[in-house]
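*Asks:* sharing a model that was predicted from the sequence below.
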Amino acid sequence: QVQLVESGGGLVQAGGSLRLSCTHSLRTFSSYAMGWFRQTPGKEREFVAAISWRGSNTYYPDSVKGRFTISRDNAKNTVYLQMSSLKPEDTAVYYCAASGLRVGSRTQNEYEYWGQGTQVTVSS
């Protein structure tokens, strides 16, 4: 059974930084694009970042561009989300996901595997 496990969430003050990690048991991790999404109660899950299978392409929405960086270490089966200049509106549960669409995607329907999420809370 494929498992994706996020870690690194927590409470941080506005302007601070956090790094999220996601490790997983995918046998062919390097063949999957990886993404991060977030969700707050009562809202749709929102795209945050994606990285292609080799890491050569990354994608961000305007809301996090320049503040968040996604990266991956295929040798460690891990994808990271470095978050800087955090704002209270970044508060959410953050999910990592894996997609067989190697180039990467902003669309959650194109992700087959999901983690359980990690809470990020940014205080003002």
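*Replies:* Cool, got the structure. Numbers count the residues shown, from 1 in each chain.

*Asks:* and Asn74, backbone torsions?
*Replies:* For Asn74, the backbone dihedrals (degrees, to the nearest 10) come out as phi -70, psi -30.

*Asks:* ugh, wrong one, Ala75
*Replies:* Residue torsions, per degrees, to the nearest 10, at Ala75 are phi -70, psi -30.

*Asks:* just for this protein, where's the confidence low?
*Replies:* Across the chain, the ranges flagged by pLDDT under 70 are 1.

*Asks:* mind listing the strands for it?
*Replies:* 4-7, 10-13, 18-24, 33-39, 46-51, 58-59, 68-73, 78-83, 92-99, 113-114, 118-123 (DSSP state E).

*Asks:* let me have those strands in CSV, extended by distance to Ser105 and mean neighbour count.
*Replies:* Glycine gets a C-beta too; all of them are placed from N, C-alpha and C. Converted to CSV, these look like this (distance: least, Cβ to Cβ, whole Å; neighbours: other Cβ atoms under 10 Å):
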stretch, distance to Ser105, mean neighbour count
strand 4-7, 16, 18
strand 10-13, 28, 13
strand 18-24, 16, 20
strand 33-39, 7, 24
strand 46-51, 6, 23
strand 58-59, 8, 17
strand 68-73, 13, 19
strand 78-83, 14, 23
strand 92-99, 5, 24
strand 113-114, 13, 18
strand 118-123, 21, 17
